[in-house]
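> Here you go, sequence then predicted model.
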Amino acid sequence: MCGIAGIHFGDHRPPDAIARIERMTSALAHRGPDDSGYHEDERVVLGHRRLSIIDLKTGQQPIYNEDRTVSVVFNGEIYNFEEIRRRLIDRGHRFQTNSDTETIVHAYEEWGESCVESFRGMFAFAIRDERRDTLFLARDRFGKKPLFYAQYDGLFVFASEMKAILTDPRFERRIDDEAFAAYFLLSYIPAPLTIFAGIRKLRPGHTLTIDRDGIRERQYWDITFKPDRTRREADILDEFTTRFEEAVRVRLISDVPLGAFLSGGIDSSAVVAFMAKARGSDPVRTFTIGFSGAAGAADDERRYARMVADRYHTDHKEYEVQPDVAGVIESIVRGFDEPFADDSMIPSYFVCQLARQNVTVALSGLGGDEAFLGYERYLGFQLSEWFNRVPAAIRSGLIGPLVGSLPELGFAGNRINHVKRFVRSAVSDEARRYFGYVLKIAPEYRQRLFGDGAHGNQTAMDAVQQRFVAHYREARADDPMDRVLYCDIKTYLPDDILALTDRMSMCHSLEVRVPFLDHELFEFAATIPSEMKMKWLRKKHLLKKGLAKMLPGPVLSHRKHGFVGPMPQWLRNDLKPYTLSVLSPERLARHGFFNSGTVSRILSDHFEGRQTNDTLIWSLVVFQTWFDLYVDGLPRAQSAAPAA
């Protein structure tokens, strides 16, 4: 895995161009500690930081074509590069290295911008074509690898992380209103938005080209749901097994040590099982974590991970996360460069740290929930079809107040919180109903949390909802459940869990590969009817059935946790003093974004068990930390309107 950066100058390269790109790539050193390289011509400079995985001796970047008129900097892995390489050699291309990176250069020469359609893998890359005077950027189909860009002062600048762009003191750090609202509504910021009005994310499955005529963006891939209800369940499972086995196998290509995350859930356990099958007598290295503190081990899955590790004789290691994040929160926030509040970032940080002490590459079970209906909100969406048949007067006049009065105490608190969210989101419009399930801020706080400034205004919050609803309506699917999946594939998957995985792994110079998000496997999953994936209110019914002979029964039947810590209990106990300090009225007054009285109520409601507000509280804690690191001193009037 690597870090890339570049600058496209409007006219001619200035004298300090190399100094600028060196500053940018230095900010990305954690993504590529092994090597660095640069390209420069009259209008463009490119930079690269390398984490050596494949072709350790000759894979340095940038890599060029035969006459050095086309160059590439690349972050990722192309798993089918050997097959593409053979095709290109047959067409007369000459290769100087054994790396997958060089395949990109020659594929671009042969097929132009459509070369991305041939690549199977995870990638973000930039190609400079001096003959055509173009700069071509591309990002993989699901957004496994990040790519940010900005335009200012006549420049076009791009990088793997925003911190590289922020090395330029001339860049103006204005907060984007819609991104600010999205963060508190969702706990992450969906593409193309970033917290800074002047920086955007290249969306997954898109390319961007800069030439003399300007900038154009093109979508080259999208998922289409075509359920095939003529196939037998047994035949579908046979094909899944074949495809998943291959998806895991191609991700075992590596010239450095390789292992796997093992949470004890179905998806990571399936990955380990198929890795063990592919590696034979060579044991898989597996890594899991548990949690300490007042919550104890109540919310971790170490016992299930051990069952899988014992069954497949893995080289298994565990780490226990302490509920003291003061020492790491700044490192985590710097990993994202913008507010990000999925609380699994803490355990993810530590499991990546543990893995990197032993391997350079780790496989993960991410994507299984989206492919096979594993989230609880999918079950809620299905149940809502029945709940909405209850007369509205009974739902709002009787059930709503009754459920809303329930306390959210103990380990049942999250369950009750989910029921409350389910009841208050019972509207006829399917898109808005699902949006209600993913919201992280209760209605009673929403209008009173934000201060008198522009940030968090109703216009910005409406814009966030409109973007989400647009995804639901543009989905290439007839089944409402498939449309829900499409929403997650366009928002939560790339901008929460994949962003989390990339940043936390790159903090430790670790590469993470995700077999469930092999695009060919996922396209196959999109042909499976949703009623087969989730049956009799059983999430992942089909996947569990297909893995019944490979995984221990308790692993298949227990409630999903994953690498998610006991944050509600931590905030009420171990982290309470730290939280009160970070969210003190004095700290909040430094920028005036929030109503301190509402913040006090959010805290007291959570501490006293009236409402489970762990995600919202953590969002506030992370924002305060981020603001201190990145924007302290920004005038309150500096804000940006919602992006188009």
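Yep, it's here.
> what residue lies at the spatial centre of this protein?
Leu498 (2.2 Å; CA atoms, centre = their mean).
> contacting residues around that one?
Neighbouring residues of Leu498 by CB atoms under 8 Å, 6 or more residues apart in numbering: 142-144, 366, 514. Just so you know, the C-beta spots here come from the backbone N, C-alpha and C atoms, and that holds for glycine as well.
> Met550 versus that one, what's the distance?
Applying CB to CB, to the nearest Å, the value for Leu498 to Met550 is 26 Å.
> One more: Glu117?
In terms of CB to CB, Glu117 sits 33 Å off from Met550.
> Where does pLDDT dip in this structure?
Along the chain, segments meeting pLDDT under 70 span 1, 51-59, 293-299, 323, 325-326, 387, 389-428, 452-456, 560-565, 633-644.
> ok, the nearest residue to Arg174 once chain neighbours are set aside - how many residues close by?
Nearest residue to Arg174, sequence neighbours excluded (CB to CB, 6 or more residues apart in numbering): Ala197, at 4.4 Å. As a burial measure, Ala197 scores 22 neighbours (other CB atoms under 10 Å).
> Repeat that for the one 4 residues further on.
Neighbour count of Lys201, defined by other CB under 10 Å: 22.
> Surely it is in contact with Phe148?
Yes. Assessed by CB atoms under 8 Å, Lys201 is found in contact with Phe148 at 5.8 Å.
> list residues touching both of these two?
With CB under 8 Å, 6+ apart, Lys201 and Phe148 have common neighbours Thr194.
> Surely Val256 is in a helix?
No. Read with DSSP: H, G, I helix; E, B strand; the rest coil, Val256 is coil and lies in no helix.
> May I ask you to confirm that it is in contact with Val361?
Yes. Counting by CB under 8 Å, Val361 is a contact partner of Val256 at 6.3 Å.
> higher neighbour count, the two?
For Val256 versus Val361, neighbours defined as other CB under 10 Å are more numerous around Val361 (26 against 13).
> Let me see the contact set for the more buried one.
Val361 neighbours (CB under 8 Å, 6+ apart): 53, 254, 256-259, 510-513.
> how close does it sit to Asp255?
Using CB to CB, Val361 is found at 10 Å from Asp255.
> Just give the nearest non-adjacent residue to Pro494, would you?
Using CB to CB, 6+ apart, the nearest residue to Pro494 is Gly143, at 3.1 Å.
> I'd guessed that neighbour sits against Ile497; true?
No. In this structure, Gly143 is not within contact of Ile497 by CB under 8 Å, at 10.3 Å.
> which of the two has more neighbours?
Taking neighbours as other CB under 10 Å, Gly143 and Ile497 compare with Gly143 leading, 26 against 22.
> How is the more buried one assigned, secondary-structure-wise?
coil.
> Next: Gly3.
strand.
> Okay, it and Ala355: tell me how far apart.
When Gly3 is compared with Ala355 (using CB to CB), they lie 19 Å apart.
> more neighbours, these two?
Gly3 (30 against 27).
> Pull the residues that contact stretch 16-24.
Contacts of stretch 16-24 (CB under 8 Å, 6+ apart): 5-7, 9, 38, 40, 45-47, 157, 159, 164-165, 167-168.
> Which of those fall within helices?
Counting by DSSP state H, the part of the contacts of stretch 16-24 found in helices is 164-165.
> Check the contacts of stretch 16-24 and tell me the two furthest apart.
Glu40 and Ile165 (18.6 Å; CB to CB).
> who has more neighbours, the two?
Counted by other CB under 10 Å, Glu40 and Ile165 do not tie: Ile165 has more neighbours, with 24 against 17.
> Make sure the more buried one is actually in contact with Ile199.
Yes. Using CB under 8 Å, Ile165 makes contact with Ile199 at a distance of 6.0 Å.
> if I look at the two, which residues touch both of them?
Listed as contacting both Ile165 and Ile199 by CB under 8 Å, 6+ apart are 148, 150.
> re earlier: so what's the residue nearest to Pro494 up against?
Gly143 touches 191, 203-205, 493-495, 498-499, counting by CB under 8 Å, 6+ apart.
> just Thr69 next, same as before
Thr69 makes contact with 129-131, according to CB under 8 Å, 6+ apart.
> Equivalent analysis for Arg94, please.
Counting by CB under 8 Å, 6+ apart, Arg94 has contacts Glu66.
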